[in-house]
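Enquirer: Turn this into a model:
(one chain, ligands or ions: 3)
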Amino acid sequence: MIRLAIQKSGRLSEDSLSLIRECGISFVSSSYKLKTEATNFPLEILYLRDDDIPGYVQDGVADLGVVGQNVLVEAGLPELEVEPLGFSKCRLSLAVPRGEAYASVADLQGKNIATSYPQILGTYLAGHGVQANLHTISGSVEIAPSIGLADAICDIVSSGSTLLGNGLREVETVFRSEAVLIANRSLSAEKQNLLEQLQFRMQAVRRARRNKYIVLNAPVASLDAVKALLPGIKSPTVTPLAEQGWVSVQSVVNEDDFWHVTDQLKAVGAEGILVLPIEKMIS
Ligand SMILES: Nc1ncnc2c1ncn2[C@@H]1O[C@H](COP(=O)(O)OP(=O)(O)OP(=O)(O)O)[C@@H](O)[C@H]1O
Ligand SMILES: O=P(O)(O)OC[C@H]1O[C@H](OP(=O)(O)OP(=O)(O)O)[C@H](O)[C@@H]1O
Ligand SMILES: [Mg+2]
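Expert: Ligands and ions are numbered 1, 2, ... in the order given. Okay, here's the model as predicted:
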């Protein structure tokens with residue numbers, strides 16, 4: 001049995017649960033239970049506050065965990081990271097009141113900065129030769145300047161709407177974060193094997209999320225141009241259509257390239273372009 005700690009409720013919670021399910025692992029989750037067991041994989045899930053997860057994994061109370069890199073590095077345990085998971089992407093940024101003059105981080109010398117991440121911010125400021133007074137608060141950091149608690153803040157930013165709503169503007173990105181899988185550094189051989197199975201499945205799910213299956217019809221004359229646009233995993237599948245001079249081409253396209261490739265496919269005469277989600281991709 002391997003024990004995985006995930007966030008009980010909050011920004012990481014839903015994505016963590018759906019990732020485990022997309023790995024083909026079934027379990028019953030309920031808001032009042034603090035732990036549950038998978039029915040088809042030797043996995044026990046613990047539901048915790050995300051701030052507590054790095055410590056539990058470091059101490060071996062949990063073997064694995066899902067947590068933001070911001071929390072992991074703030075806890076001083078970056079070495080526990082084993083796999084980036086691609087969700088809950090955000091950044092830790094310095095922000096000052098919108099009307100405030102700001103030329104560079106040197107302007108924060110001697111100033112009061114409110115943050116929930118004193119370790120990460122301290123390292124950043126030291127790296128820029130700036131000494132400032134850090135005030136650690138655990139939440140609602142964005143109101144600190146307006147209540148006279150600080151001249152600036154360092155907090156999580158994603159869309160920027162919280163900063164905007166509090167009359168602040170982002171001036172420096174201090175740290176970029178995404179959700180990661182973390183693991184205790186002294187797992188037994190059996191648990192290490194279970195971790196590798198989980199990582200294999202998570203990588204297959206993530207690869208599938210990044211790619212789409214594409215099917216289209218193209219004139220034979222354009223086949224070389226289409227194949228160049230859709231190299232696929234090994235090579236695109238080409239099957240002749242009933243109509244002479246036309247073929248059906250099936251391949252895989254990276255989500256990020258999709259619209260650009262589609263425009264080019266249309267330009268070389270492709271028609272009937274269908275895009276389908278991929279459930280798993282095992283390379
Ligand atoms: N606005 C956001 N956009 C993207 N990711 C975010 C955002 N806010 C937080 N995160 C990421 O999600 C993680 C959890 O955020 P959340 O706000 O749920 O934490 P929390 O309020 O401290 O929850 P808990 O009660 O579990 O401590 C953060 O550590 C960060 O990695
Ligand atoms: O840049 P934005 O998209 O506005 O996101 C940033 C906000 O998101 C997080 O708060 P959350 O929404 O999780 O609420 P919380 O303060 O209760 O954690 C974080 O603490 C910021 O306040
Ligand atoms: Mg929060």
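Enquirer: Run a quick neighbour tally on Trp259.
Expert: Using other C-beta atoms under 10 Å, Trp259 has 10 neighbouring residues. C-beta: built from backbone N, CA, C; applies to glycine.
Enquirer: quick one: average pLDDT of the strand or helix carrying it?
Expert: Secondary structure assignment for Trp259, by DSSP states H and E: helix 258-267. For helix 258-267, mean pLDDT is 94.
Enquirer: Most remote residue from the middle of this protein, which is it?
Expert: Gln244 (46.7 Å; C-alpha atoms, centre = their mean).
Enquirer: nearest spatial neighbour of Glu22, skipping sequence neighbours?
Expert: Val205 (4.6 Å; C-beta to C-beta, 6 or more residues apart in numbering).
Enquirer: list the contacts for the one you found?
Expert: Leu19, Glu22, Cys23, Lys280 (C-beta atoms under 8 Å, 6 or more residues apart in numbering).
Enquirer: On the three-state scheme, it is what?
Expert: helix (DSSP: H, G, I helix; E, B strand; the rest coil).
Enquirer: can stretch 55-71 be found next to ligand 2?
Expert: No. Applying C-beta under 6 Å from any ligand atom, one finds stretch 55-71 separated from ligand 2 by no less than 10.1 Å.
Enquirer: Does that stretch reach ligand 1?
Expert: Yes. Stretch 55-71 lies within reach of ligand 1 by C-beta under 6 Å from any ligand atom, at Gly68, Asn70, Val71.
Enquirer: Name the residues of the chain found near ligand 1, please.
Expert: Going by C-beta under 6 Å from any ligand atom, the residues of the chain near ligand 1 are 7, 10-12, 49-51, 68, 70-71, 88, 90, 156, 158, 177.
Enquirer: Following the helix holding Trp259 in sequence, what is the next regular element?
Expert: strand 271-277.
Enquirer: So which elements touch that next one?
Expert: strand 211-219, helix 258-267 (3 or more C-beta pairs under 8 Å, 6 or more residues apart in numbering; DSSP states H and E).
Enquirer: re the thing from before, can you check the pLDDT for the residue farthest from the centre of the chain?
Expert: 95.
Enquirer: Just give me the neighbour total for the nearest residue to Ala62 once chain neighbours are set aside.
Expert: The shortest distance from Ala62 to any non-neighbouring residue, by C-beta to C-beta, 6+ apart, is to Ala5 (3.8 Å). As a burial measure, Ala5 scores 28 neighbours (other C-beta under 10 Å).
Enquirer: what's Ala5 in contact with, if anything?
Expert: By C-beta under 8 Å, 6+ apart, the contact list for Ala5 reads 45-48, 52-53, 56-57, 61-62, 64-66.
Enquirer: How about Arg49?
Expert: Arg49 neighbours (C-beta under 8 Å, 6+ apart): Gln7, Lys8.
Enquirer: For the stretch 101-250 of the chain, what lies in contact range of ligand 2?
Expert: Going by C-beta under 6 Å from any ligand atom, the residues of the stretch 101-250 of the chain near ligand 2 are Gly139, Glu142, Asp155, Ile156, Val157, Ser158, Ser159, Gly160, Ser161, Thr162.
Enquirer: Show me what stretch 193-201 is in contact with.
Expert: So stretch 193-201 is in contact with 2, 23-25, 42-43, 63-64, 82-83, 181, 183, 187, going by C-beta under 8 Å, 6+ apart.
Enquirer: Pull the distance from that stretch to the chain's centre.
Expert: 18 Å (C-alpha atoms, centre = their mean, to the nearest Å).
Enquirer: now the helices for this structure?
Expert: Using DSSP state H, the helices found in the chain span residues 13-22, 53-59, 69-74, 118-127, 161-165, 189-210, 223-229, 258-267.
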